[in-house]
Structures are given as C-alpha cells and as structure tokens.
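1. No letters, just coordinates:
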C-alpha cells in the first residue's frame, strides 16, 4: 500500500516529495496560486476547513515554520492547537506512540509534525489512526516537502518552464532536508540542470546519483544559473570540523553581489530562512532586486493552505 | 537422559567424510555409535529420522542474551533455549553486557545461569579492558581462569591505539585468542546506515566503509606485531574480505565471520525507514553483500554467525535513527543457512563448515564425532519443512527481525548437546 497516496492519486499524507506524480505537484501549484490572492483581500479567511482540527506537533523548536502552518490552517477556518512536544510529554519519558495515542483521542484530523529524526513523519503516519492525516513539517535530514513545493511555486511564478532552468542549490546539502526535497521536486518538474555546490564535507557522498552535478567551486557552480537556492549554515558545523570558519565559508561559498553577477542577469535568489547574513549570503544580495526570499514566505502560506485543503478533501476555488 | 535411537537419518559430518543413511544410538550423555545392534536399542525411545539430516550442532559466534543488564528484553534462559531450538548447540556471548564481562563475578554469574537454563552451551568472551573503556586492561588471566574462552572489546571500539596495542601484547603472552570488531570510534560516529545512496536520499546519518576498513587495517597491524591469535567478527564490506584474505596469505593467525543479515540484505532493505533493518554494522551495498557471499564460499570468511540481538518491542517502535540497532537472529540462523544451499552460495558441506565446524576451531572446541563414547553434539533437522518467519514462530523473546514474512526452510526435530536433549 502506498502510505502517502490514496488509490485515486490524492494525498493521504504528505511525508516526502519522493514518488509524487508531476501532475499532483502542478495541481498544488495551481491551488496555491488561487489561494495566494486570498491573503491580499480584506477578509483573509476561507471556510474550507471549518470544523476540522489540526494539531501542530513540534518535537523540535521552530517558531517561524510553526507560525506559517498555524496561520495557513486558521485562514482555512480550521481549529488549530500548537503543541511544543520538545518540552512536554516525551521529555517526561512518554513514548512517541503514547503521545500520539493521547492526541488522537482528542479527535483531530491532521498532525503537522516536525521532528529531529529522519523518517519520524513516516513512522507517525504508519501508526496514526486511519482518520488522521500527517503533514511533514521537516524530519531530521530527510524531507521538508512543503518548503520544496513552495519553492517550486515561487520559481514557477518567475520562470514557468522548468525544462529551461539551471538551478544551483548551495551550501550544507548533507544536513539539509530542504535540499533533499527540493532536488526531488525540481527533478520531477523536469528542471534542465540541477547543481549542488559546497565543500565535500557538506555534500552527501552519493549525491551525484540523484542526477545532479556536483561543484566544489562556487564560481563554477553558480555560473549562468537561473535560480540560486542558498541553504542555511548551522553554526555548529565549525565544531564538527566540517568547516574551518564562517569567514572562510563566506569567502568560498557565500553569495556576494560580485558572485551573483556570474549567474544569468535575471537569476532569482532564494533562501528557506532564517538567514545568516555575512555567512552564507551578503545583505546586499538578500535585500537586493533579485532576491525572492520574502516572497517565499508569502508563497509558503498559500502552498501550506493548498496542501492542507487537498489532504482534507476541500475544494479550492479556482 | 533418555536412551534414544534415531532411525534412518542422513548423517552429514563432512569433517569425518561421513554422508550416509544410518541409525544413531545415544544414552546417558554418550553416543553409542552408528548402526547399533538391535539388542543395544532395546528400551530406547525411537525417533524417526527418515528424510531428516543429522548434522553437527551449529555454533553461533555472536549472540547477545541481554543478561545481565537488560532482562526486560531477554535473558540467558530464554535465549540459550531459543538457540537450541534453532539448532545451535554452542553460542558465544560478547562481553558488552551491563556490567561488562570484566570480572570473575560476572563470568561466574553468566555461566551459572547458563547451566541452569539447559539450553545451548554458552561460551564467554571476556572484556579486553576494564568496563570496555579506554583506561586500563581487564584482568585477562583471571577472566580465562573463570571460564572465558577469549577476550575482546566487542560492542565498544577502542580508540586508544596504544592501549589496544598493549592489550593485544598482553593477551598474546597468555596465548589468549582475541575477538575484535573493527570499528573506528570517530568515523561515522552517530551514524545509523551505510553512507551511500540510500542514506544520502533518506537523510540518514551515514557510516562509511572506512569506519570498518581503517580500524581493520590498524588492528591487523597490531595483531601481526603482537603475534596474537585474532578473530574479526561481523565484517560488512568487500574491502574487508580482501584485507582478511591478504592477512591470511601473509601468514597471520586470523579468522573472520559475517552476520547472516549482511549475507542477505543490503542498504536498500532499510527502506522505507524499517527499524528492524537498523543494524550495526549497517547493511551495505549489494556489491558488498555479494563479496561477503563469495568470501564465505572461498573460505576467506571462515564463519557465519547470527549476531543475535533481541529487543523488546518498544526499542524498535521509534523513528529509524532512534530505534536501537540489532536483529534477533537465532530463530532464522538455521533456515537462512539452508537457504544459502538452495541459492547455490554454499554446498551442504561448506555450509556446515562455516556454521558448525570452523566456529569450533575458532573457539578451540573439539569437532563433534559419533564415535562410541563421544559426547553428543548434533541436531536432527527436516530441511524440507518451510515456515514463515514471524513473531508467532520465533522462540526468542526478541521478535525484531528484518526477515519477518520470509519463507525459510528447516525445522529442528531433535537437538542433543552433552546431557541435554530436546525432542520436538
């Protein structure tokens, strides 16, 4: 049985981009496009999920991501409960399954799950009751599917033909669930060329087998790119001997205005946030005319509304 | 012990050049030879051996029994019994119990419990260092005197090369064999899967091949320098097979084993996040698995073991990285071995060599015979019987197996080891 898709091809859960049909991703992009306009109205609410209950289940702190899921659910008129599980039940020794069982007894319709372990969303979906959907909001290094979908949507708004695009994903690919999900999504959408750029210490050894080209030289990696996705660099990477220093990282792999000139003139710059200015990206690029970083945040809300509506069977108005 | 005669079994003891149908009589802990005269069988319980194979008892070079320290998972009685029901008459318990096997008190406790359990005979590896740590040597001489057949630091790698060097030298001076598991404590630390395609795609922290091969290279050099007899357990990759073969060719007194999951499975079997396939060493590539099979066939790898690690259900009911590593193995050891014959990886004789005879040589145990007056050490199996491996068909308290749902051949109808006899 496909854990993620129903027999008629709808999402039962959203756990990973892997295995999603291209048509489904395109449908979600279209739905997000319709929903984006809602945020521009005076009344920002739609009654699509009225009476439904969504639980934000965050085993790893992330105010920013949790807020976008919360807001997306509220704009669809769902009831939302936020649970910071990292500081509650499981820290008292309760098992993950016991926590889930307790929450299911409250008759919710969807768990939005963030967890530090790869595969946690899959595990929860396997053990959840049939009536509860699981939406992966980031699990370990594995997947962050809504981020990939919102980034695909953002690219689509600027450059609709993926086949023509050269996309460079730059930075800590090894530890990045965002990168893994994006590379899959862009691949399914038929991106012309996918590149990953970074030092060997931050690239998974078999990453070439994903059909990407690997660049350890940043200048070559961003040359003639249509899209550059900068990844966040966790500061603890210095302690793990992945890198010598933030300064050297910026010199070798930071996106400066000068380096951006190597890309296509209309290249867009993306970042899943939160940014480390002066570490992976220069402020003048982050705030510059080619940056679509704040637009990603707006689009993220629309895409999460689209995914929630789709999974819970609500018809998004065209 | 009852007087028992097994009628018409195919007796396969390849080391004795024996492969023929015969009757076997044994009584009071002693064999009374093949094809005994009818008068001698009077009053004996008769076991129909027709269509069955009577083979040397299997020997498992690594089986965790979880006692002392984790009896909520399993205990010596449950697992030594499960092993015997699975055709294993001898098993080796690594020293990473809690507390570790680093004192005569722990050795005596385990061996006493094992005797009370009346399952497979339990052999102990003593810790090479105190509490398997990095500070000082364990009392190796005392451990041997208490009953340890070898010493080693299985389950916790020694990073301090100088400490390991001295430990090997000291063991050599006692002529104590050393069992080692080649793991670098830093490379791949925190990893949960082979550092390769699957880990890259699934975002699982990886353990590269070099975590094993670098440690193996270091350990082989120190073993050579110390002149100690060494056994390397649970090898997982092709390069290790080549390194062991090369070391043997240079004349080192080394042997090696591989665990059954590594003989059958590869990195793709962890998909989709199957906690039962979370193993250490990790499941590596299909090429590695094939090389391990070839190593078994050629003899570069001397033995195959179960690497039995029973867990309670909660230990595996977690997301993959958080699940405890290891698989329960004694229930499937015989069946998967017979499947190696079905799959033309090994002949019957070479499987018995890898699963019963070579392990005895590695442990310094005598090869079993059926001579008049010999101590029984054999099992009677139905190699044609098949079953589906699942919780209901497993005798171990640990139901955690990556082979769940597999149809595997082999059923044990009788197991005899010294004065212990089990008949189905």
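-> Good, I have the coordinates. What you see is a predicted model, and the numbers here were worked out from it, not measured in a lab. Numbers count the residues shown, from 1 in each chain, chains lettered A, B, ... in the order given.
2. Helices of chain B, start to end?
-> Using DSSP state H, the helices assigned to chain B run over residues B:76-85, B:104-117, B:140-146, B:161-173, B:197-202, B:210-226, B:238-249, B:260-264, B:286-298, B:313-316, B:333-342, B:348-352, B:358-363.
3. Show me the contact partners of the longest one.
-> For helix B:210-226, the external contacting residues (CB atoms under 8 Å, 6 or more residues apart in numbering or on different chains) are B:157, B:161, B:164-165, B:168-169, B:171-172, B:178, B:180, B:182-184, B:187-188, B:191, B:230, B:232, B:235-237, B:239-240, B:243-244, B:247, B:250, B:252, B:254, B:281. No exception for glycine: its C-beta is placed from N, CA and C like everyone else's.
4. Buried residues, that helix. List them.
-> Neighbour-count burial for helix B:210-226, counted by 16 or more other CB atoms under 10 Å in any protein chain shown, picks out B:210-220, B:222-224, B:226.
5. which secondary structure element contains residue A:66?
-> Using DSSP states H and E, residue A:66 sits within helix A:63-75.
6. Same check on residue A:56?
-> Per DSSP H and E: strand A:53-58 holds residue A:56.
7. Now do that strand: which elements does it pack against?
-> For strand A:53-58, the packing partners by 3 or more CB pairs under 8 Å, 6 or more residues apart in numbering or on different chains; DSSP states H and E come out as helix A:63-75, strand A:79-84, strand A:110-115.
8. what secondary structure does the nearest residue to residue A:127 once chain neighbours are set aside sit in?
-> In this structure, residue A:127 finds its nearest non-sequential neighbour in residue A:97, 5.9 Å apart by CB to CB, 6 or more residues apart in numbering or on different chains. Classification of residue A:97 using DSSP: H, G, I helix; E, B strand; the rest coil returns helix.
9. Can you get me a residue count around residue 298?
-> Assuming you mean chain A. Residue A:298: 16 surrounding residues under other CB atoms under 10 Å in any protein chain shown.
10. ah, I was thinking of chain B
-> 11.
11. just residue A:80 next, same as before
-> 21.
12. which residues touch it?
-> A:53, A:54, A:55, A:56, A:70, A:73, A:74.
13. Work out for me the element residue A:308 sits within.
-> With DSSP H and E as criterion, residue A:308 is part of helix A:293-311.
14. Give me the angle between that helix and helix A:63-75.
-> Computed by axes from the mean of the first three to the mean of the last three CA atoms, to 10 degrees, the angle separating helix A:293-311 from helix A:63-75 equals 50 degrees.
15. Report the inter-axis angle for helix A:293-311 versus strand A:53-58.
-> On the basis of the same axes, to 10 degrees, helix A:293-311 is oriented at 130 degrees to strand A:53-58.
16. Kindly report the residues of the stretch 51-200 of chain B close to chain A.
-> B:195, B:196, B:197, B:199, B:200 (CB under 8 Å from any CB of the partner chain).
17. Grab the two from the residues you listed that are most spread out in space.
-> The span of those, defined through CB to CB, is set by B:195 and B:197 at 9.6 Å.
18. Mind listing the shared neighbours of the two?
-> Both residue B:195 and residue B:197 are contacted by residue A:206, under the criterion CB under 8 Å, 6+ apart.
19. Quick check: buried residues in the strand holding residue A:56?
-> For strand A:53-58, a neighbour-count test (16+ other CB under 10 Å) marks A:53, A:54, A:55, A:56, A:57, A:58 as buried.
20. just stretch A:235-245 next, same as before
-> Residues of stretch A:235-245 classed as buried: A:237, A:242, A:243 (neighbour count, 16+ other CB under 10 Å).
21. now those as CSV including distance to chain B?
-> As requested, these are exported to CSV (distance: CB to the nearest CB, whole Å):
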residue, distance to chain B
A:237, 14
A:242, 13
A:243, 18
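22. With adjacent residues omitted, what lies nearest to the residue in the stretch 51-200 of chain B that chain A sits nearest to?
-> Across the stretch 51-200 of chain B, no residue is closer to chain A than residue B:200, which sits at 3.6 Å (CB to the nearest CB). Counting by CB to CB, 6+ apart, the nearest residue to residue B:200 once its immediate chain neighbours are dropped is residue A:204, at 3.6 Å.
23. ok, that neighbour touching residue B:206?
-> Yes - applying CB atoms under 8 Å, one finds residue A:204 in contact with residue B:206, separated by 7.4 Å.
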